[in-house]
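need a 3D model of the sequence below.
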Amino acid sequence: MTAQPVPTGQPRLDRVALTTLAARLTPRDYEILAYLHRHRVLTTHQLQRIFFGIPQSARKRLATLYALNAVTRFRPWASYGAGSQPVHWLLGRAGAAALAIREGITVKELGYDPDHPIAVSSRLTHQVGVNEFFSHLHHRARQPDAQAEVRTWWSERRCAQVWGDIARPDAYGRWIEDGRDFDFFLEHDTGTETLAKVTAKLHAYANLTDATGITTPVLFWLPNRTRENNLRKLMATAEVPVATAVHSDDGPAGAIWIPAGSDEPRLRLAELADAWTLPGRPQKHADA
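Residues are numbered from 1 along each chain as shown. Sure, this is the predicted structure:
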């Protein structure tokens, strides 16, 4: 499959179709639909990490939801030799209608836009990267030996609604593990912006701290060690608490984070809760 906009030729919805769909949807299905609505697009691998135990179960259930027109899908184009991209899933018209009915609102009030061009957007890779971060946290929290939870995951869109006039994080999260409670703003860096532009974002976060009275650390999730080292040189005297890490097989919950201005050893994500003495804490942002 090549990159394409969300299909619009889905069957028309009527009361009978929606009643049939509602009878087929499980509580987990509604969670999947809600996540697709909040976070725009999730790959098969990401949905598996968040909701399923094994790949076969994920593929089978997603295929069923696709047949019910609750979700739709596409596979982005990949350059020659790069291998195929995973299937990307989006909320379908029937899924949006089911969500709206469940919440007692209209599809318009839900904010669903079937024509949103995320499949061909230049922001697709960035959005998938942010969602990759949180899908790995969910996967860690679901392990039998984990005493962990993704308590909060706000999308860029939700963050913009709350703080957009001051700062625009890629996401806001709250991670709980082994008794530690850590909330943070995420900046998912793909290496396309100049380092000067990246560091300039910290002024906005400092202004947000002044406006809310809550000091929230900012995490920079970087594509390689060279970029991390160069960025850290510019952030040694950051106005707000900052930590950096490079994409790793250990996932974002692991011991991969270094607070700005300090040296190794690297800390686990939850350990960052004790890395700074922060004014305004332990307050959390509203609804977090």
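
what's the end-to-end length of stretch 64-72?
11 Å (C-alpha to C-alpha, to the nearest Å).

err, stretch 184-192, not the other one
Across stretch 184-192, first to last residue, C-alpha to C-alpha, it's 23 Å.

low-confidence regions, this structure specifically.
1-14, 78-83, 278-283, 286-288 (pLDDT under 70).

helices of that one, start to end?
Counting by DSSP state H, the chain has these helices, from start to end: 15-24, 27-39, 44-51, 55-67, 93-103, 107-110, 124-141, 156-163, 195-212, 225-234.

okay, those helices in JSON lines with mean neighbour count next?
Yep, even glycine has a C-beta here, placed from its N, CA and C like the rest. What follows is these, written out as JSON lines (neighbours: other C-beta atoms under 10 Å):
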{"stretch": "helix 15-24", "mean neighbour count": "12"}
{"stretch": "helix 27-39", "mean neighbour count": "18"}
{"stretch": "helix 44-51", "mean neighbour count": "21"}
{"stretch": "helix 55-67", "mean neighbour count": "15"}
{"stretch": "helix 93-103", "mean neighbour count": "20"}
{"stretch": "helix 107-110", "mean neighbour count": "13"}
{"stretch": "helix 124-141", "mean neighbour count": "20"}
{"stretch": "helix 156-163", "mean neighbour count": "16"}
{"stretch": "helix 195-212", "mean neighbour count": "16"}
{"stretch": "helix 225-234", "mean neighbour count": "14"}
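
Pro117: which of these is closest?
Closest approach to Pro117 among the helices of the chain (C-beta to C-beta): helix 124-141, 9.4 Å.

could you check the angle the closest one makes with helix 27-39?
140 degrees (axes from the mean of the first three to the mean of the last three C-alpha atoms, to 10 degrees).

what's the angle from helix 124-141 to helix 44-51?
Using the same axes, to 10 degrees: helix 124-141 against helix 44-51 is 30 degrees.

related to what we said a few turns ago, please tabulate the helices of the chain in TSV and include distance to Leu186 as additional columns.
Formatted as TSV, those follow (distance: least, C-beta to C-beta, whole Å):
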stretch	distance to Leu186
helix 15-24	34
helix 27-39	13
helix 44-51	15
helix 55-67	24
helix 93-103	25
helix 107-110	25
helix 124-141	6
helix 156-163	9
helix 195-212	12
helix 225-234	15
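
looking at those helices, which is nearest to Arg174?
helix 124-141 (10.3 Å).

quick one: contacts of that closest one?
Applying C-beta atoms under 8 Å, 6 or more residues apart in numbering, the contact partners of helix 124-141 are 39-43, 45-47, 49-50, 76, 88, 118, 121, 146, 148-150, 153, 156, 170-171, 173, 175, 177, 186, 188, 190, 221, 251-253, 269.

chain center to it: distance?
5 Å (C-alpha atoms, centre = their mean, to the nearest Å).

these two touch, right, Leu91 and Arg38?
No. Assessed by C-beta atoms under 8 Å, Leu91 is found out of contact with Arg38, at 9.4 Å.

just the buried positions in the top strand by length along the chain, please.
For the chain, the strand reaching the highest residue count under DSSP state E is reported as strand 180-188. Buried positions in strand 180-188, judged by neighbour count with 16 or more other C-beta atoms under 10 Å: Arg180, Phe182, Asp183, Phe184, Phe185, Leu186, Glu187, His188.

and the second one, what are its bridge partners?
Beta-bridge pairing for Phe182 (DSSP bridges): Trp175.

OK, contacts around it?
Counted by C-beta under 8 Å, 6+ apart, Phe182 has contacts Arg174, Trp175, Ile176, Pro217, Leu269, Ala270, Leu272, Ala273.

now do 10 Å
Listed by C-beta atoms under 10 Å, 6 or more residues apart in numbering, the contact set of Phe182 reads 151, 173-176, 216-217, 219, 268-275.

just the buried subset of those, please.
Of these, these count as buried by 16+ other C-beta under 10 Å: 173-176, 216-217, 219, 268-273, 275.

save the residues you listed as CSV, and put in distance to Ala141 too.
Output for those, formatted as CSV (distance: C-beta to C-beta, whole Å):
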residue, distance to Ala141
Gly173, 12
Arg174, 12
Trp175, 8
Ile176, 9
Thr216, 21
Pro217, 20
Leu219, 17
Arg268, 13
Leu269, 11
Ala270, 11
Glu271, 16
Leu272, 16
Ala273, 16
Ala275, 21
